[in-house]
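Engineer: Fold the following and give me the result.
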Amino acid sequence: MKLGAPLLEELYVVDMFLQGMDQTRITSVPVIDGHLFPNLKSLIMKRCDKISVLLSFSSMTCLEHLEKLHILECNDLNEVMSQEESESNGEKIVFPALQDLLLHNLPNFKAFFQGPCNLDFPSLQKVDIKDCPNMELFSQGFCSTPQLEDIRMEIESFSSSYIQKNDINATIQGFKACVSLVLMYLNYISHT
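Structural biologist: Residues are numbered from 1 along each chain as shown. Predicted structure coming up:
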């Protein structure tokens, strides 16, 4: 029997400790089940180590009211949504209400979603990515963000605020390439 909180609109999880789990092991099982929180509007996760995936593919489709997703200082997180259930290349996942996405200090974070599906964010207005040095792309599939107003990215001491509505993956990859070139140049001049 699954218990849920169908009226819960805000969930703030800090310093999550997974009881009964070997503290050296990282779990790849999603820790938030969207089916249990169908009216969730705000999800904030902070300092929740030992998890590599936050949401399952199927539960993310249940979070249709989610407006704000903030993930901070989760050292072992690899991706927000698990790709294991999403084997079909033709699927599209819609995040109808998500407006604000913040990803801060996630040293092992690789992508929001590494699966092949296209992502649609019709309401997304703000993306803030800070100190996610291993993030190479947002998603394997195409990401639609027609309302996106601002993408703020920061790696180490380099930051930029810009927008490329058509391709959030290109924005992330372009910023990382610029940072790499600057770091290579700084390394070069420090050794000459």
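
Engineer: and the longest helix for this protein?
Structural biologist: Across the chain, the longest stretch assigned as helix under DSSP state H is helix 168-190.

Engineer: Now do that helix: which elements does it pack against?
Structural biologist: In terms of contacts (3 or more C-beta pairs under 8 Å, 6 or more residues apart in numbering; DSSP states H and E), helix 168-190 is packed against strand 150-155, strand 158-162. In short, each C-beta sits where N, CA and C put it, glycine included.

Engineer: quick one, strands of the chain?
Structural biologist: Taking DSSP state E as the test, the strands found in the chain are 10-14, 42-46, 53-55, 68-72, 79-81, 92-94, 100-104, 111-113, 118-120, 126-130, 143-144, 150-155, 158-162.

Engineer: residues near the closest residue to residue 117 other than its chain neighbours, how many?
Structural biologist: Using C-beta to C-beta, 6 or more residues apart in numbering and skipping residues adjacent in sequence, the residue nearest residue 117 is residue 91, 4.5 Å away. Look at residue 91: counted by other C-beta atoms under 10 Å, it has 15 neighbours.

Engineer: Distance of residue 91 relative to residue 83?
Structural biologist: As judged by C-beta to C-beta, to the nearest Å, residue 91 and residue 83 stand 11 Å apart.

Engineer: just residue 134 next, same as before
Structural biologist: Relative to residue 83, residue 134 is positioned 16 Å away (C-beta to C-beta).

Engineer: These two - which one has more neighbours?
Structural biologist: Between residue 134 and residue 83, counting by other C-beta under 10 Å, residue 83 is the more crowded of the two (18 against 12).

Engineer: What confidence value was assigned to the more buried one?
Structural biologist: Predicted confidence (pLDDT) for residue 83: 71.
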